[in-house]
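In: Sequence and predicted structure are below.
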Amino acid sequence: MNALAATSRNFRQASRLLGLDSKLEKSLLIPFREIKVECTIPKDDGSLVSFVGFRVQHDNARGPMKGGIRYHPEVDLDEVNALAQLMTWKTAVAALPYGGAKGGIGCSPGDLSNSELERLTRVFTQKIHDLIGTHTDIPAPDMGTNAQTMAWILDEYSKFHGHSPAVVTGKPIELGGSLGRDAATGRGVVFATESLLAEHGKSISGSTFIIQGFGNVGSWAASIFHERGGKVIAIGDVTGSIKNDNGIDVPALIKHKNEGGALKDFNGAEAMDSKDLLVHECDVLLPCALGGVLNRENAPHVKAKFIIEAANHPTDPEADEILAKKGVVVLPDIYANSGGVIVSYFEWVQNIQGFMWDEEKVNMELKKYMNSSFNNIKQMCKSHDCNLRMGAFTLGVNRVARATLLRGWEA
Ligand SMILES: NC(=O)C1=CN([C@@H]2O[C@H](COP(=O)(O)OP(=O)(O)OC[C@H]3O[C@@H](n4cnc5c(N)ncnc54)[C@H](OP(=O)(O)O)[C@@H]3O)[C@@H](O)[C@H]2O)C=CC1
Ligand SMILES: O=C(O)CCC(=O)C(=O)O
């Protein structure tokens with residue numbers, strides 16, 4: 001099942017639990033606006049290359065639309081649509097005054113030089129600058145993009161609209177970025193894991209973790225689990241996977257990667273087949289890369305007791321059913337990885353106020369938001385007698401539905 005079908009199915013299930021009117025359900029599902037643009041740039045050798053860029057603005061009933069921009073070869077309109085819809089429910093679960101959006105360009109960032117990436121980002125921004133803005137739609141990093149990408153968007157956008165730091169979040173500190181945003185998604189994942197484990201009488205210290213994806217989210221989550229006494233026993237990325245039953249020395253692995261080493265060549269662990277990574281014995285499994293990685297083929301073989309969806313849409317609905325029958329507890333993406341957009345919100349607030357918070361305040365507020373969402377989700381699970389995914393979906397969908405109804409339909 002593709003990401004859009006799966007996300008829409010989860011939404012419809014939540015809508016039924018909430019008893020939403022079918023016309024409202026239809027209106028909440030259809031995106032506010034879909035943007036598709038051609039981006040042609042000269043490569044460093046002078047030849048031309050064309051890419052397709054997307055921005056889907058899903059819903060703005062609760063505020064300006066918000067969501068990352070992904071650079072990856074599998075980016076297409078359906079996937080961006082699904083990710084934009086997830087952002088609408090995610091910002092609502094976190095009680096942020098935002099709607100949802102997502103963007104992306106179908107490209108392999110690793111095959112482009114820095115100056116080619118800069119040209120591509122600037123051309124994309126030229127094509128969408130009239131449709132984004134501090135109070136309309138605020139992009140941020142996602143897979144394949146980072147603070148530098150946001151700096152280029154900020155610079156290009158500002159040529160048309162004047163200096164506008166709050167038009168993007170996740171930007172470099174020197175350009176108005178927030179302390180703590182780089183680590184925020186991973187840190188939020190750790191807070192979410194801590195709350196879930198505590199409910200089951202367990203803690204991070206003494207638990208074993210497996211992490212798929214060692215980019216922004218995966219490496220920060222691994223590093224904070226390690227810092228708190230958790231044992232990260234296996235990690236995988238696009239180059240391969242590694243394991244060490246005694247626990248991987250995460251700071252040493254980060255140093256190895258920062259020095260240009262490939263994850264699979266780290267000598268503090270042994271190589272393992274990437275196909276085995278998600279089904280290896282552990283307490284907590286964290287997909288931190290692509291969507292749809294847990295499916296009907298591998299779900300029956302998962303041995304983890306808890307799955308924390310740090311990636312967006314890592315579990316398809318068939319896998320969800322299989323995992324539920326096996327008693328595996330799945331903490332859903334629209335809550336588990338919301339730390340990124342929560343600190344993006346803090347960054348936007350700081351830009352608008354022109355006042356910078358210290359990192360301690362950012363992390364303390366992040367924890368408050370994560371804990372409050374967890375309690376609200378548990379409440380919805382009780383009220384609707386449902387699992388955590390439906391608890392999160394009913395919480396988010398209900399908030400968006402109420403805002404939509406309150407705004408009214410008068411033309
Ligand atoms: N960044 C953020 O703030 C947020 C991100 N997310 C979600 O988290 C996930 C990861 O994002 P982020 O960390 O920012 O992305 P990054 O681009 O920083 O890192 C992605 C990681 O995934 C790895 N990867 C890519 N393809 C595969 C594959 N087929 N198998 C195994 N590993 C793979 C990459 O490997 P390599 O480095 O070798 O290419 C890299 O380690 C995405 O689903 C994203 O939507 C959710 C909320 C916020
Ligand atoms: O920080 C943001 O605004 C959005 C992050 C994002 O794209 C996500 O949560 O999936």
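Out: Everything's here; your move. Ligands and ions are numbered 1, 2, ... in the order given.

In: would you list every one of the helices in the stretch 151-300 of the chain?
Out: 181-199, 216-227, 250-258, 274-277 (DSSP state H, counting those that start in this stretch).

In: is the third one anywhere near ligand 1?
Out: Yep, that's helix 250-258 we're talking about. No. Taking Cβ under 6 Å from any ligand atom as the criterion, helix 250-258 and ligand 1 are apart, separated by no less than 8.4 Å. For glycine as for every other residue, the C-beta is placed from the backbone atoms N, C-alpha and C.

In: And for the shortest one?
Out: No. Applying Cβ under 6 Å from any ligand atom, one finds helix 274-277 separated from ligand 1 by no less than 6.5 Å.

In: Only the buried residues of that helix, if you could.
Out: Residues of helix 274-277 classed as buried: 274, 277 (neighbour count, 16 or more other Cβ atoms under 10 Å).

In: Kindly report the same for the first one.
Out: Residues 181-197 are the ones in helix 181-199 that count as buried (16+ other Cβ under 10 Å).

In: Kindly report the same for stretch 62-81.
Out: Within stretch 62-81, the residues that qualify as buried by neighbour count (16+ other Cβ under 10 Å) are 62-72, 75-77, 79-81.

In: For L117, which non-adjacent residue is closest in space?
Out: If the residues on either side of it in the chain are set aside, L117 comes closest to P109, at 6.2 Å by Cβ to Cβ, 6 or more residues apart in numbering.

In: For burial, what's the neighbour tally of the residue in the chain that ligand 1 sits nearest to?
Out: At 1.7 Å from ligand 1, G215 is the closest residue in the chain, using Cβ to the nearest ligand atom. G215: 16 surrounding residues under other Cβ atoms under 10 Å.

In: In contact with it, which residues?
Out: 143, 237, 288-289 (Cβ atoms under 8 Å, 6 or more residues apart in numbering).

In: just V217 next, same as before
Out: Contacts of V217 (Cβ under 8 Å, 6+ apart): 185-186, 189, 288, 310-311, 337, 340.

In: ditto for L112
Out: Counted by Cβ under 8 Å, 6+ apart, L112 has contacts L120.

In: tell me which parts of this protein are close to ligand 2?
Out: So the chain meets ligand 2 at 66-68, 90, 140, 142, 169-170, 312, 337, 340-341, 344 (Cβ under 6 Å from any ligand atom).

In: Flag every residue of the protein that's near ligand 1.
Out: Residues of the chain lying close to ligand 1 by Cβ under 6 Å from any ligand atom are 141-144, 185, 212-218, 236-239, 288-290, 310-312, 337, 340.

In: again, 5 Å this time
Out: 142-144, 185, 213-217, 237-238, 289, 311-312, 337, 340 (Cβ under 5 Å from any ligand atom).

In: Please indicate which of the residues you listed are buried?
Out: 142-144, 185, 213-217, 237, 289, 311-312, 337, 340.

In: how about those residues, which pair is most distant?
Out: Put simply, by Cβ to Cβ the two of those set farthest apart are D237 and G340, 18.9 Å from each other.
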